[in-house]
Structure formats: C-alpha cells, structure tokens
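Peer 1: Here is a sequence together with a model predicted from it:
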Amino acid sequence: MRITVIGCGYLGATHAACMADLGHEVLGVDVDQEKTAALAEGRPPFFEPGLARILERGVGTGRLRFTDSYADAAEFGELHFLAVGTPQRPDGRADLRQLTSAVGELAPHLRRPCVVVGKSTVPVGTAEALTGMLRQLAPVGGAASLAWSPEFLREGHAVEDTLRPDRLVIGRAEGDTRSAAALREVYRALVLAGVPTVETDLATAELIKTAANSFLATKISFINAMAEVCEAVGADVGQLADALAHDSRIGGQFLQPGLGFGGGCLPKDIRGFAARAEELGAGRALAFLREVDGINVRRRERLVELTVRACGGTLDGRRIGVWGAAFKPGTDDIRDSPALAVAAALRERGAEVVVYDPRALDNARKTFPGLEYAESATAAAEGTDALLHLTEWREFGAVDPAPLAARVRAARLVDGRPGLDLDRWRGAGWTCDVLGRGEPRPETAVPSPDGKTEVDV
Ligand code: UGA
C-alpha cells in the first residue's frame, strides 16, 4: 500500500520506518527539512534503539522516502497517517494546532479517494471535528474519510512496540467500512501474527489511548503515594511494591516507586484528559487525575528535600552530581524530565549542579544552559557533596562505588530510581537516602488500642 506519515518525530519517524519494513511504500512528511534530510540518509535525528537499522533498510530498498511537500504527499498516498505532536498548552489542554495545520495543508490537495488516519493522542471529539474539516477542504469531499488508530509505543522500545503491539485499535465513523478495511490491509502482517484488534467508533478509539496513559500514570502515582506513607513510618516501599506485584491481579509493571513519571506523554495526557472531562461536564469522574499529577510532582520536591538534608540543611556552596537527564533510560528525550526538574530546582536554590547522561546531554545543554555537564558518570561525581541517581541507565549500576568514594567531597548518595545495589554502596562507605525508604519521623502518630490517636514524641 502507498502510505504517508505526516510528522516525523519520535512517533512518526518510527511509524514510517516500521510501515516500510512491513513492505509498504512510505513517504514521510515533515516541515523540518533538516529532519527529513537526516532521515532520508537513514540517520534518525534522535536516539531510539533499533530505529537506525530499519530506517537504513527502508531507505536502501527505496520503499521509504521523505518530503516536506503536502502536494507530493496527497498525490502519493492511499492512506495518510497523522503523527504530529499535540503538546500541552499553558492551561493544561492539548494544543491541536499542528494537527489542524496538517489536515489544513493536506486536504486541499486530496483529489482521489483516500483514508486519513490519526495516530496522535487527542482530546475526545477531535476526530469528529477533523472529519468536518476534511470534508470541507478536500476537493474529493466525502471520498476522503477519517479514522483514528492511536499509538501505544514507548520511547526506547518504539520499534518493537510498533511491529509487535499489544493491540491495534481501529476507530472509524459508523458505516465507514472503507477506512477499517484499509487499516486492516496496512496492519495485515500484524493481524495475521495474532495481534488483537479492537474496531470501534472514533470517540472510543480516542478515549482508549488517554485511558491507557491515565491508568499507567495512576499506577505509578499509587505506588509513589505508598512511598509517602512509607517515608512517614520508616517502612520500605520497595519491598511493599515487590509483594504487591506477586498478586497477578495487580502485576509488577509500572509499579516501580521512585522519582515518578515524566516525558512528552503521561504528564500532558492526564492534564489534557482531566481538562477535557471538565469541558464535557464529567470533571468529577477524572478529579483523581489531578491528585495523580500532584503525587508525581511531590516526588520531585521530596528528592530536593532529601538532597538538602543530605547536604546538612543548605545548598550554598554545595556541589551536586546528577546521574541522568533523560526522562527515562533508553531515550535522549528530556521533555518534562524528572531528573532535570530536580537538577534545575537545586541550581535555583544555590547549588552547583553537574549532570551526566549517556544520551541526553545535547538536548539537556540546549534547554538547561545554567547547569554544568560532565562527559562521564565518574566525572559528574568528582568533588561533589552529594550524588543523585535520577535516571536508571544501566551503566550507573555498573559503576564501582568504592573508588568513586575517594573522588567525592562527601560520599552521600540520594537515590531516586531502581538499579543500584545499595548494600554495595553502603559497604563502600556511602550514606544512602532512598525515596520511599525514610527514617520514621519523631512526630509519627501511633494509633492506640482504644482507636484514638496519640502522638509519640
Ligand atoms: C508512554 C506509554 O507507556 C506508551 O504506551 C504511550 O504510547 C506513550 O506514553 C505515548 O503516549 O506516546 P513513554 O512516554 O515512552 O510511553 O514512557 P513510559 O515507559 O510509559 O514511562 C513514562 C515515565 O514513567 C518515565 O518517566 C518512567 O521513568 C516512569 N515510570 C515508569 C515510573 O516512574 N515507574 C514505573 O514503574 C514505570
């Protein structure tokens, strides 16, 4: 099939390369010529494991090409995927300008029947609005139909998630068999491989995506809320999470306590979803998402607090090493990165902060020029009063804490993520403060047998 993918960011570039890998003829479209030039040479403009290989393969076979021309895209495609960004507006709602602009640019060139398929994460009702726009602007009128097939890929696993997804969602207007048939044809190899397919209406398709991300965010914030309680009583949230994970109804995925979620999706999607529910008069149903967000933000504050405490109550004149800048390992994406939010907050409060990340340093440097950057994990630790582990890259787990202790000003570790063998660090002379594993606070209230609560002082 001849496919275009409009928007060549993390989602679109991966989707385009994977569709070519499935045997389709693909044209990637982006207004950023620097990006399309790099992609056309088989070079991804960002780090995504496995992408370079299939990109090169697609470009090499000639099945995968790139352009900045909507006219060429309209001429070429039988099916057009919309994979542009829907970032967060200052009021929390999704900014749909890239999406409306993509449809606005493409539609006037559509002169033959085709299907336009949204993949971006959008507020429910967007697909219906875009359907009206498409009908109005496309010379071919109703012969250009609009469908929604949300994407569930994770950065860092984007290729495998696209080629072996957990499910496919096909959202189409009532009676629109053409769109559904076209999408089944595009995804034929995946359907044949047994990937479950949910065919539904447009609104449900849009909601499935925001519901999935909201559930994942809620699960993370649930365990981080437990961490807050553990910190208050001196319990261990790591063991608590492990024990919960043995219950197959709960499961251990996304139950990892720590610095919480960041990135270009989860934070903005829960805010956008809550805002959309309010517009629809269903705000109360999603009021809990505000708390999910609040718990997540408090993790960052707690980490700053732990660092101040580890530094003896002040950050003045203190040098802090930060391991991690990406919002999670396996990516160079720093959008809403918890690690950089903490680094910036410490800098703001007077500390000298030096950051190291295996992949995200270039992006971090551009966005946070006020921080210092080091070229290795060891260099970032050199001469510091506290070392913070904020993104769980595997290479940090491999660092030997014993020689490192000799290179710092004070061997204090503040750990916000899994992956370090803390017994080994403690054995090497480090003091370790870990999120969710606090000392009991002296003012901890002790429930008395008669049901009243006393304060144990
Ligand atoms: C997320 C979803 O997982 C994808 O299914 C979805 O397609 C994507 O958003 C999107 O909407 O495009 P992604 O943003 O790549 O994917 O990142 P995740 O792997 O979901 O991680 C999100 C954040 O949660 C990271 O900061 C990670 O460190 C954090 N996290 C994850 C935790 O703090 N604890 C956990 O147990 C798991």
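Peer 2: In hand now; what should we look at?

Peer 1: Let me know whether stretch 105-125 sits next to the ligand.
Peer 2: Yes. Using C-beta under 6 Å from any ligand atom, stretch 105-125 reaches the ligand at Thr121. Every residue, glycine included, has its C-beta placed from N, CA and C.

Peer 1: That stretch - what's its average pLDDT?
Peer 2: The pLDDT scores in stretch 105-125 average 97.

Peer 1: Same question for stretch 392-406.
Peer 2: For stretch 392-406, the per-residue pLDDT values average out at 98.

Peer 1: Restrict that stretch to CA atoms and write it as CSV.
Peer 2: Output of stretch 392-406 as CSV, limited to C-alpha atoms (Å, rounded to 0.1, in the frame of the first residue of the first chain):
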residue,chain,number,x,y,z
GLU,A,392,18.2,4.4,35.8
TRP,A,393,20.6,3.9,32.9
ARG,A,394,22.2,0.5,33.2
GLU,A,395,25.7,2.0,33.2
PHE,A,396,25.1,3.6,36.5
GLY,A,397,24.5,0.2,38.1
ALA,A,398,27.9,-0.9,36.7
VAL,A,399,29.9,1.9,38.4
ASP,A,400,32.1,0.6,41.3
PRO,A,401,31.2,2.8,44.3
ALA,A,402,34.4,2.1,46.2
PRO,A,403,36.9,4.1,44.1
LEU,A,404,34.2,6.7,43.5
ALA,A,405,34.0,7.3,47.2
ALA,A,406,37.6,8.6,47.1
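
Peer 1: And that stretch, what's buried?
Peer 2: Neighbour-count burial for stretch 392-406 flags Glu392, Trp393, Phe396, Val399, Pro401, Leu404, Ala405 (criterion: 16 or more other C-beta atoms under 10 Å).

Peer 1: Please name the nearest non-neighbouring residue to the second one.
Peer 2: Sequence neighbours aside, Pro329 is the residue nearest to Trp393 in space, at 4.6 Å (criterion: C-beta to C-beta, 6 or more residues apart in numbering).

Peer 1: Hmm, Leu390 and that neighbour touching each other?
Peer 2: No. Counting by C-beta atoms under 8 Å, Pro329 stays clear of Leu390, with 10.9 Å between them.

Peer 1: Please compare these two by neighbour count and tell me which comes out ahead.
Peer 2: The neighbour comparison of Pro329 against Leu390 (other C-beta atoms under 10 Å) goes to Leu390, with 27 against 19.

Peer 1: what's near enough to touch that one?
Peer 2: Leu390 sits next to Leu259, Leu303, Val322, Trp323, Gly324, Pro338, Ala339, Val342, Ala343, Gly416, Arg417 when contact means C-beta atoms under 8 Å, 6 or more residues apart in numbering.

Peer 1: Would you mind listing what in the stretch 251-400 of the chain touches the ligand?
Peer 2: Residues of the stretch 251-400 of the chain found near the ligand (C-beta under 6 Å from any ligand atom) are Phe254, Leu255, Gln256, Gly258, Gly260, Phe261, Gly262, Gly263, Cys265, Leu266, Phe327, Lys328.

Peer 1: Narrow these to those in strands?
Peer 2: Secondary structure from DSSP state E places none of these in strands.

Peer 1: Where does the prediction get shaky in this protein?
Peer 2: Within the chain, the set of residues satisfying pLDDT under 70 comprises 439-457.

Peer 1: Tell me which residue lies nearest the centroid of it.
Peer 2: The centroid of the chain falls nearest to Gly263 when counting by C-alpha atoms, centre = their mean (3.7 Å).

Peer 1: Can you verify my assumption that it contacts Phe327?
Peer 2: Yes. Counting by C-beta under 8 Å, Phe327 is a contact partner of Gly263 at 4.2 Å.

Peer 1: ok, residues contacting stretch 400-417?
Peer 2: So stretch 400-417 is in contact with 258-259, 299, 303, 306-307, 310-311, 319, 321, 324, 338-339, 342, 378, 381-392, 420, 422, 424-425, 428-435, going by C-beta under 8 Å, 6+ apart.

Peer 1: For the stretch 351-457 of the chain, which segments count as strands?
Peer 2: Using DSSP state E, counting those that start in this stretch, the strands of the stretch 351-457 of the chain run over residues 352-356, 372-373, 386-389, 412-415, 431-434, 445-447, 453-455.

Peer 1: for the residue in the stretch 1-150 of the chain positioned nearest to the ligand, what are its contacts?
Peer 2: Closest residue of the stretch 1-150 of the chain to the ligand, C-beta to the nearest ligand atom: Thr121 (5.3 Å). Counting by C-beta under 8 Å, 6+ apart, Thr121 touches Thr86, Ala94, Pro150, Glu151, Lys209, Thr210, Asn213, Cys265, Asp269, Gly272.

Peer 1: between those, which is closest to the ligand?
Peer 2: Distances from the ligand to these, taken as C-beta to the nearest ligand atom, are shortest for Cys265 (3.3 Å).

Peer 1: which residues does that closest one contact?
Peer 2: The contact partners of Cys265, by C-beta under 8 Å, 6+ apart, come to Thr121, Asn213.

Peer 1: Kindly report the same for the one 10 residues further on.
Peer 2: Residues counted as contacts of Ala275 (C-beta under 8 Å, 6+ apart) are Asp91, Gly92, Arg93, Pro123.

Peer 1: Go again with 6 Å.
Peer 2: Gly92, Arg93 (C-beta atoms under 6 Å, 6 or more residues apart in numbering).

Peer 1: please renumber so the chain begins at 421
Peer 2: New numbering, starting at 421: the last item is Ala695.

Peer 1: For it, which three-state class applies?
Peer 2: helix (DSSP: H, G, I helix; E, B strand; the rest coil).
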